[in-house]
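**Q** after the sequence you'll find the predicted model.
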Amino acid sequence: MTTLFDCAIRWAFALLLCLLTLLMPMTGQAQPSDPDDGAEDAASGPPYPAGLDDPAIGSDELRLRLLPLTVDELAPLAEAWRGNASDATQAVVEQTLQIREDGSSATDAQKKVRNELVEKRKAVFDRYSAVVSSLEAKGGDKALVEQLRTYRSAITVEETANLTPTELADQVLDWLVSPGGGMQLALRVGIILASLLGLLILARLVRRWARRTFERVPNLSQLLRGFLAMVIYWLTIAIGLMVVLAALGVNITPFFALVGGASFIIAFAMQDTLSNLAAGLMIMINHPFDEGDYVTIAGKGGTVRNVSVVSTTIVTPDNQVIIIPNSKVWGDVITNVTASDTRRIDMVFGIGYEDSIEKAQEVLEQILSDHPKVLDDPAPLIRVNELGESSVNFIVRPWVRAEDYWEVYWELTAKVKERFDANGLTIPFPQTELRIKGDAYGNMSPAVNR
């Protein structure tokens, strides 16, 4: 009996073990999530590449690795860097509180540690800003971007507001002598100033080269040459300055956005100036006149001294300087007196009715032939043109070089008076004969001159 009882107990225990063995897989099947636990753990990791949230990562390396990231990857990465900024700020706060607690017994080593923590936090802030800027550039949520930037600025403002005067003075002095603070700023300012000086020298050399190049281009006015050289000069400075700023790590993208947004406002507010600019470009392209030409424009006559993109400056014969907007110049009749190499002088001389026309003709021809600056080709013209009220009028039209116009005009006027006097030819003044009705024809009253 005992043997049978023992066997029964053994069989029952074996059966229980079998049942437990069978129930264990069923229990595992009752928890289907077990095979996916590894996947969930992998999915719970950051969506961005590992190591991008490490405060020790280099700034240049981080900026390069941010390039392929999407908005969905950048948003959590920015949150991670905000956590890094929070941790770095917490370390600075704890060290600051410790120094305040120690008071006058605080050592220079403690202050040095705080300065090192501040420098580390500055590096974290730089990388934090790079991530936020990349998020913004790729179309991230504007509210999130604003919140992330506000967090950093709030830390700086509130921390500065809570500093004691001594701490503030120490921080300013430390910033001035720190390689990443005042020294770096001074270095950047020095680089920018040196770059500006170098750009000015380079731009002048480029402008000089451009002028020489444009002088070889035929049919290009002096005005247009000067304008193109000026454009190249300022473009050289602008492009060079942008290259320098970009090399220093300054983000120049907002500058282009600002220029694009302000273009419409500037164009609307400067309609008249833009009209003068367009007219100035038309003058330079069509070159109806050039510097040094004597012109009559907008009712004013003078020698062109300078033409800018908005105005034209002329000097009158009595040395008055007149500045005329280019819109008025281009929109009015332009008379260029010195555009041709030769000019015709139109003169009128009168002789008395009692004088000999043949004699006067001979004297005038002799005067013109004797003058060395009167051109033979085209030949001068001398003709009786009018029987006036008081004189017989000759038109005298000699041709001269443009630069000799006024000299010949004045000399011929003087010569005609002298030669007429020498040959008994009179230059009459206006006169009227008055006859009284009833008198005999031969009994005339004396002539009344007026």
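**A** Alright, I've got the coordinates.
**Q** and the pLDDT for Trp209?
**A** Trp209 carries a pLDDT score of 88 in this model.
**Q** that one is in what secondary structure piece?
**A** In this assignment (DSSP states H and E), Trp209 forms part of helix 182-215.
**Q** can you check Ala56 too?
**A** Going by DSSP H and E, Ala56 is not in any helix or strand.
**Q** ok, Ala238 to Ser311 distance?
**A** Separation of Ala238 from Ser311 (Cβ to Cβ, to the nearest Å): 23 Å. In this view, the C-beta of every residue, glycine as well, is placed from N, C-alpha and C.
**Q** more neighbours: those two, which one.
**A** For Ala238 versus Ser311, the count of surrounding residues by other Cβ atoms under 10 Å is larger for Ser311: 17 against 12.
**Q** Arg100 falls within a helix, correct?
**A** Yes: applying DSSP: H, G, I helix; E, B strand; the rest coil, one finds Arg100 inside a helix.
**Q** which residues touch it?
**A** 106, 164 (Cβ atoms under 8 Å, 6 or more residues apart in numbering).
**Q** ok, now how distant is it from Val157?
**A** Counting by Cβ to Cβ - Arg100 and Val157 are separated by 20 Å.
**Q** for Leu173, same thing?
**A** Taking Cβ to Cβ as the measure, Leu173 falls 21 Å from Val157.
**Q** which parts of the stretch 101-250 of the chain are helices?
**A** 108-137, 142-161, 165-177, 182-215, 222-247 (DSSP state H, counting those that start in this stretch).
**Q** what residues sit buried inside the first one?
**A** Of the residues in helix 108-137, 111, 113-115, 117-118, 121, 123-125, 127-136 count as buried by neighbour count, 16 or more other Cβ atoms under 10 Å.
**Q** which strands or helices does it pack on?
**A** Judged by 3 or more Cβ pairs under 8 Å, 6 or more residues apart in numbering; DSSP states H and E, the packing partners of helix 108-137 are helix 59-66, helix 71-102, helix 142-161, helix 165-177.
**Q** at 10 Å what do you get?
**A** Under the contact criterion of 3 or more Cβ pairs under 10 Å, 6 or more residues apart in numbering; DSSP states H and E, helix 108-137 touches helix 59-66, helix 71-102, helix 142-161, helix 165-177, helix 253-269.
**Q** need the winner for burial among those.
**A** Here the criterion is mean neighbour count by mean count of other Cβ atoms under 10 Å, and of these the winner is helix 71-102, at a mean of 16.
**Q** now the angle from that helix to helix 108-137?
**A** Angle, helix 71-102 to helix 108-137, by axes from the mean of the first three to the mean of the last three Cα atoms, to 10 degrees: 160 degrees.
**Q** please state the mean pLDDT value computed over helix 71-102.
**A** What helix 71-102 shows for mean pLDDT is 89.
**Q** check contacts around Val92.
**A** 113-118, 120-121, 155, 159 (Cβ atoms under 10 Å, 6 or more residues apart in numbering).
**Q** and the two most separated of those?
**A** Spatial extent of the contacts of Val92 (Cβ to Cβ) is set by the pair Val113 and Ile155 at 19.2 Å.
**Q** strand partners of the helix or strand that contains Val396, parallel vs antiparallel please.
**A** When elements are assigned from DSSP H and E, Val396 belongs to strand 392-397. Strand 392-397 pairs in its sheet with strand 347-351 (antiparallel), strand 381-387 (antiparallel), by DSSP bridges.
**Q** now those as a markdown table including mean pLDDT?
**A** Output for the strands paired with strand 392-397, formatted as a markdown table (pLDDT from 0 to 100):
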| stretch | mean pLDDT |
| --- | --- |
| strand 347-351 | 93 |
| strand 381-387 | 92 |
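**Q** out of those strands, deepest packed?
**A** The highest average neighbour count among the strands paired with strand 392-397, using mean count of other Cβ under 10 Å, belongs to strand 347-351 at a mean of 19.
**Q** show residues contacting that one.
**A** Contacts of strand 347-351 (Cβ under 10 Å, 6+ apart): 357, 359-361, 363-364, 367, 382, 384-386, 388, 390-398, 408-409, 412-413, 416-417, 420, 425-429.
**Q** again, 8 Å this time
**A** Counting by Cβ under 8 Å, 6+ apart, 357, 360, 364, 385, 388, 390-397, 409, 412-413, 416, 420, 425-428 sit against strand 347-351.
**Q** stretch 116-135 now?
**A** So stretch 116-135 is contacted by 55, 57, 59, 62-63, 66-67, 69, 71, 74-75, 77-78, 81-82, 84-85, 88-89, 91-92, 95, 144-145, 148-149, 152, 171, 178, 180, 251 (Cβ under 8 Å, 6+ apart).
**Q** which of the contacts of Val92 sits closest to Val307?
**A** Closest to Val307, out of all of the contacts of Val92 and judged by Cβ to Cβ, is Ile155, at 56.5 Å.
**Q** okay, now the unreliable bits of the stretch 151-300 of the chain?
**A** Applying pLDDT under 70 to the stretch 151-300 of the chain flags the ranges 167, 170-172, 174-182, 219-224, 248-274.
**Q** that'll do, ta.
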